[in-house]
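1. Everything below, folded, please.
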Amino acid sequence: MTEENEQRLKSLLDTIDRPNRNRLAKEWKERGGVVFGLVCHYIPEEILSAASVLPWRVAVSAGTVDSKAILYRPNTTNPYYRKVLEGVFTSEIDFLHGFVVSNRDDDCRRLFDVLERVDEKLCNHIVFVPAHNSGTAVRMFADSLHSLADWLGTHMGQPISAERLREAIAVHNLTRSLIRQVYELRKRDSPPLSGAEMLRLTLAATVLPKTVFNEELQTLLPYIRDRKLELKATVPRLMISSDMLDKPEYVELIEQAGSLVAMDDLDTGSRYVNQLVDERTVDPYQALAERYLAGPACPRMFSWDDQIQQIVRWCHEFGIHGVVEMPQICDFSRGFRHPFVIQKLKEAHIPLISIERDYTLANAGQIATRIGAFIEMLDSQVAKS
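-> Model prediction:
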């Protein structure tokens, strides 16, 4: 039974590997379903699910040359969005009916503009996301989500009822609750999943139908709780902080250097599941707006102090010895926040290293060298404590 469960867990974690993730979406489409690509974690998947649409977080292959996308988005722009565009040109993600994007940043907005121009077959929608969570901002975001629902309802030929949306919210809340139970297990001295496996688990939830994912994880949770994993190292315990990181290879690189990534500050990880939508709120759109703006947030939001305090709390809760910040090239909002992060983590006596990364794994040797030096410094501190 243990071997069977281990294979079942491995199959779930391998969901995100190409061609698995693409195959599953294609099978959904072949059964008559509609698949919309998401490139921003501020888009409520619940609304798409309520419209019987599969919300599918877009990730593309690790090619190094963007031969066509570079004509529209130069090297000085966000490489993730450029890879998404290249995936459209190369037909790697031609099973997508369209994209739902946001105004997360200028590059995301420009991706929408280019998609509208280069492929008339795609049905695309852009959602306005405020940069803070004041009462006015929440109301504006709720209106924006109403517009998304109306557009989807018209496109799918059936309006999204409040009842259907509440049902979808309950299913997605279950997804978050299940994954959060696994996160709690990461507080152990020797957790049952490595940091790379944990990222694979959360990413699997972004491409599978939520009911399928929930059933599989519910079945596997007892096994995961008792799972004994042979880790290369259990100290120092690190936290990785980044945005749009969907390549577990980066986490593997950090752990292979002789550490354990015991927690993350990722929109593809902890931030994806951290808060539930309030199912008691009369207006489900208001509840969604409140949850998606309440945080923990990414640096494009103005709540920098709250963001850093959340990182500090996680460090204490998960026994973190140091933070590895990995800003993606041309992620300007994270770059603007960086001096503030340095100051606040220094005041909290939490060591920090910042290593800029590409979307796909590059300069692995250089990154490993810097991580190794950081780990050596942390090892000496742990030995003294």
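
2. Which residue ranges of the chain form strands?
-> Using DSSP state E, the strands of the chain run over 34-38, 53-57, 98-102, 125-127, 237-242, 260-266, 322-325, 352-354.

3. And those strands: which comes nearest residue 160?
-> strand 53-57 (10.0 Å; Cβ to Cβ). All C-beta spots, glycine's among them, are computed from the backbone N, C-alpha and C.

4. what pLDDT, on average, does that closest one get?
-> Taken as a whole, strand 53-57 carries a mean pLDDT of 98.

5. which helix in this structure runs the most residues?
-> If you go by DSSP state H, the chain has its longest helix at helix 162-185.

6. Against which helices or strands is it packed?
-> Judged by 3 or more Cβ pairs under 8 Å, 6 or more residues apart in numbering; DSSP states H and E, the packing partners of helix 162-185 are helix 45-50, helix 195-205, helix 210-226, helix 270-273, helix 284-294.

7. now it, how far from the centre of its chain.
-> 15 Å (Cα atoms, centre = their mean, to the nearest Å).

8. Then stretch 271-282?
-> 16 Å.

9. thinking again about what came up before, would you list the strands of the chain in TSV and tack on distance to residue 363 and mean neighbour count?
-> Supplementary listing: the strands of the chain in TSV, determined by distance: least, Cβ to Cβ, whole Å; neighbours: other Cβ atoms under 10 Å:
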stretch	distance to residue 363	mean neighbour count
strand 34-38	28	21
strand 53-57	25	22
strand 98-102	29	23
strand 125-127	33	20
strand 237-242	15	25
strand 260-266	19	26
strand 322-325	15	23
strand 352-354	14	17
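
10. In a markdown table: those strands, plus distance to residue 162.
-> Below are these laid out as a markdown table (distance: least, Cβ to Cβ, whole Å):
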| stretch | distance to residue 162 |
| --- | --- |
| strand 34-38 | 21 |
| strand 53-57 | 17 |
| strand 98-102 | 20 |
| strand 125-127 | 19 |
| strand 237-242 | 36 |
| strand 260-266 | 32 |
| strand 322-325 | 41 |
| strand 352-354 | 45 |
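
11. which stretch among those strands comes nearest residue 215?
-> Short answer: strand 53-57, nearest of the strands of the chain by Cβ to Cβ, at 15.9 Å.

12. same question for stretch 130-138, mean pLDDT?
-> 94.

13. Let the chain start at 44 from now.
-> With the count now opening at 44, the last piece we talked about shows up as stretch 173-181.

14. Can you mark which positions in it are buried?
-> Buried residues in stretch 173-181, counted by 16 or more other Cβ atoms under 10 Å: 173, 176, 180, 181.

15. from memory the last one sits against residue 330, does it?
-> No - counting by Cβ atoms under 8 Å, residue 181 sits too far from residue 330 to count as a contact (10.0 Å).

16. Find the residue closest to residue 391 in space, skipping its chain neighbours.
-> residue 355 (4.8 Å; Cβ to Cβ, 6 or more residues apart in numbering).

17. Of all residues in this protein, which one is nearest the centre?
-> Closest residue to the average C-alpha location of the chain: residue 311 at 1.4 Å, with Cα atoms, centre = their mean.

18. Tell me how far stretch 235-249 lies from the chain's centre.
-> 11 Å.

19. With stretch 118-137 instead?
-> Taking mean C-alpha positions (Cα atoms, centre = their mean), stretch 118-137 and its chain are 18 Å apart.

20. pLDDT of that stretch, averaged?
-> Computed over stretch 118-137, the average pLDDT equals 93.

21. just stretch 215-230 next, same as before
-> pLDDT averaged over stretch 215-230 gives 98.

22. in it, what counts as buried?
-> 215, 216, 217, 218, 219, 221, 222, 225, 226, 229.

23. With stretch 389-405 instead?
-> 391, 393, 394, 395, 396, 397, 398, 400, 401, 402, 403.

24. Then stretch 131-151?
-> So, applying 16+ other Cβ under 10 Å, buried residues of stretch 131-151: 131, 133, 135-136, 138-148, 150-151.

25. how about the CA coordinates for that stretch, as CSV?
-> Extracted in CSV, the C-alpha atoms of stretch 131-151 (Å, rounded to 0.1, in the frame of the first residue of the first chain):
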residue,chain,number,x,y,z
VAL,A,131,1.0,31.1,-28.7
PHE,A,132,3.1,31.6,-31.8
THR,A,133,4.6,28.0,-31.6
SER,A,134,1.1,26.5,-31.0
GLU,A,135,2.4,24.9,-27.8
ILE,A,136,-0.8,26.1,-26.0
ASP,A,137,-3.1,26.1,-29.0
PHE,A,138,-5.8,24.2,-27.0
LEU,A,139,-6.6,27.4,-25.1
HIS,A,140,-9.9,29.1,-25.9
GLY,A,141,-8.4,32.4,-24.8
PHE,A,142,-6.8,34.2,-21.9
VAL,A,143,-8.0,36.1,-18.8
VAL,A,144,-5.4,38.5,-17.8
SER,A,145,-5.1,41.5,-15.5
ASN,A,146,-3.5,44.9,-15.2
ARG,A,147,-1.0,43.4,-12.7
ASP,A,148,1.8,45.4,-14.4
ASP,A,149,2.5,47.1,-17.7
ASP,A,150,3.9,43.9,-19.2
CYS,A,151,0.8,42.0,-18.4
